[in-house]
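Enquirer: Okay, here's the prediction I keep looking at, along with the sequence it came from:
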Amino acid sequence: MTIPLVDFAPYRTGTDADRKSVAVAIDDAFCSAGFVYLANHGISPDRVAQCFEWSARFFALPDEVKQIAPHPPGFTHHRGYSGCGKEKVTQMMFEQSDLARARAAAPDVKESFESGNPIDNAQPNIWLPEKELPGFKDFMENFFEDCKHLIHEILGALSLALSLPESLALPATHAQSLFQLRLLHYPAISRSLLTSGSRTRISAHSDFGTLTLLFQDEVGGLEVEDPDPLKKGTFHPVPPRPGTVIVNIADLMERWSNGRWKSTVHRVGPPPPASGGGGDPTTVVPARYSIPFFATADPQTVISALPGTYDSQNPKRWDSVTAAEYVQMRMSALY
Ligand SMILES: O=C(O)CCC(=O)C(=O)O
Ligand SMILES: [Fe+2]
């Protein structure tokens, strides 16, 4: 299984025919893998590198400083800083006793900082005081805009791929752009802790919203589950490809497309031996940084199979749900 690479430049600057062929290529990738590498996506390599630098600066701050902007208890306000072990990502596990057991058996060894759209009154941002890291908030707010713009372009391409009428075009369903920018740091850790399964970087899961952008550094370790139901449990590496952004389908979009686009399960495991210490289990693997950006539809949007994704042979597979109901249901398992 390989993740297709699509050059996005012709969508941004080409003719109508160019736009259509890019849309079809993205559609194909989402039908088969649920993931695509997008090249020439319009966010410059410099901007992305700067975001990684800000992220490294943030996580290098002393713990007591990062704790000035803490993630609030519970799952309804997903903003601010979460230290190692606070969040455990699971897949469709909702019983408190099961969640507690999963957390104790194999904690996720990662720390994160979440920020969102400044207009999101339901989840206000939680920043450090400006003097602790001058320029950080400003940069993140601007980078949010860059990612938001790209999400809207991809939604336009997907609408084109399905030939949706203007009244049903996907960008309008994301008009509020209540998205989430996440900085992730997986500290250096002994390889054997990861290979034995007593610690995880991020456990296998699918994303909750509609689309995710993912920037990763050069360390590696991201893996996707084979979408063939007969190969459940088989994971394939998604190595870093400089200059590209990974885009993947999340659960709400899978439902919305009646299963046409796959919300593929993914995880972060030990990096390949080449990125530090060979495969020797006694070595420490390097820290890893990644930057996911999660998009979702406006909260009251009713998610019901889009025209063209169902017919009498292929009926609607899921009941309608609002975007807000589904995301809250999944988030409740995180904290
Ligand atoms: O760190 C990564 O590459 C993946 C992160 C991820 O899957 C997530 O935060 O949902
Ligand atoms: Fe994810």
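Expert: It's in. Numbers count the residues shown, from 1 in each chain. Ligands and ions are numbered 1, 2, ... in the order given.
Enquirer: show me where this structure has helices.
Expert: Using DSSP state H, the helices found in the chain span residues 9-13, 16-32, 45-60, 63-66, 96-105, 136-161, 170-173, 191-195, 251-256, 323-331.
Enquirer: Comparing these, which stretch has the densest surroundings?
Expert: Highest mean neighbour count among the helices of the chain (mean count of other CB atoms under 10 Å): helix 251-256, with a mean of 24. C-betas here are computed from N, CA, C, even on glycine.
Enquirer: Remind me what that helix packs against, helices and strands.
Expert: strand 302-303, helix 323-331 (3 or more CB pairs under 8 Å, 6 or more residues apart in numbering; DSSP states H and E).
Enquirer: out of these, nearest to L160?
Expert: Closest to L160 of these is strand 302-303 (CB to CB; 19.9 Å).
Enquirer: That closest one pairs with which strands?
Expert: Using DSSP bridges, strand 302-303 pairs in its sheet with strand 321-322 (antiparallel).
Enquirer: count of residues packed around the residue in the chain that ligand 1 sits nearest to?
Expert: Closest to ligand 1 within the chain is S290: 3.4 Å, counting by CB to the nearest ligand atom. Counted with other CB atoms under 10 Å, the neighbours of S290 add up to 25.
Enquirer: And for P4?
Expert: Neighbours of P4 under the rule other CB under 10 Å: 15.
Enquirer: Next: F75.
Expert: F75 has 15 neighbouring residues, counting by other CB under 10 Å.
Enquirer: pLDDT score for it?
Expert: Note for F75: predicted pLDDT of 78.
Enquirer: Tell me if I'm right that it and V327 touch.
Expert: No: contact criterion CB atoms under 8 Å: F75 and V327 do not qualify, at 10.1 Å.
Enquirer: what sits against G209?
Expert: 179, 250-253, 294-297, 323, 327 (CB atoms under 8 Å, 6 or more residues apart in numbering).
Enquirer: how about JSON lines for the residues you listed, with pLDDT and distance to ligand 1 added?
Expert: As requested, the contacts of G209 are arranged in JSON lines below (pLDDT from 0 to 100; distance: CB to the nearest ligand atom, whole Å):
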{"residue": "F179", "pLDDT": "97", "distance to ligand 1": "13"}
{"residue": "A250", "pLDDT": "97", "distance to ligand 1": "9"}
{"residue": "D251", "pLDDT": "94", "distance to ligand 1": "12"}
{"residue": "L252", "pLDDT": "95", "distance to ligand 1": "14"}
{"residue": "M253", "pLDDT": "97", "distance to ligand 1": "14"}
{"residue": "F294", "pLDDT": "97", "distance to ligand 1": "7"}
{"residue": "A295", "pLDDT": "98", "distance to ligand 1": "12"}
{"residue": "T296", "pLDDT": "96", "distance to ligand 1": "13"}
{"residue": "A297", "pLDDT": "97", "distance to ligand 1": "18"}
{"residue": "A323", "pLDDT": "94", "distance to ligand 1": "17"}
{"residue": "V327", "pLDDT": "80", "distance to ligand 1": "13"}
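Enquirer: my read: A175 touches A297, true?
Expert: No: using CB under 8 Å, A175 is not in contact with A297, being 9.4 Å away.
Enquirer: any idea how far Q216 lies from Y37?
Expert: Separation of Q216 from Y37 (CB to CB, to the nearest Å): 11 Å.
Enquirer: do the same with C147
Expert: 16 Å.
Enquirer: Show the pLDDT at L178.
Expert: The per-residue pLDDT reported for L178 equals 97.
Enquirer: Now it: closest residue in space that isn't a chain neighbour?
Expert: Nearest residue to L178 in three dimensions, chain neighbours excluded: D120, at 5.1 Å (CB to CB, 6 or more residues apart in numbering).
Enquirer: Report the contact partners of the residue nearest to W54 when sequence neighbours are not counted.
Expert: Nearest residue to W54, sequence neighbours excluded (CB to CB, 6+ apart): F139, at 5.3 Å. Neighbour list for F139: 50-51, 54 [criterion: CB under 8 Å, 6+ apart].
Enquirer: One more: S167?
Expert: Listed by CB under 8 Å, 6+ apart, the contact set of S167 is empty.
Enquirer: Please tell me how far it sits from L178.
Expert: 22 Å.
Enquirer: pLDDT value on Y326, please?
Expert: 88.
Enquirer: which parts of the stretch 101-250 of the chain sit against ligand 1?
Expert: 182, 184, 202, 207, 214, 216, 222 (CB under 6 Å from any ligand atom).
Enquirer: for stretch 210-217, the distance to its chain's centre please.
Expert: 5 Å (CA atoms, centre = their mean, to the nearest Å).
Enquirer: before we move on, what about stretch 233-244?
Expert: 14 Å.
Enquirer: Kind regards, and thank you for your time.
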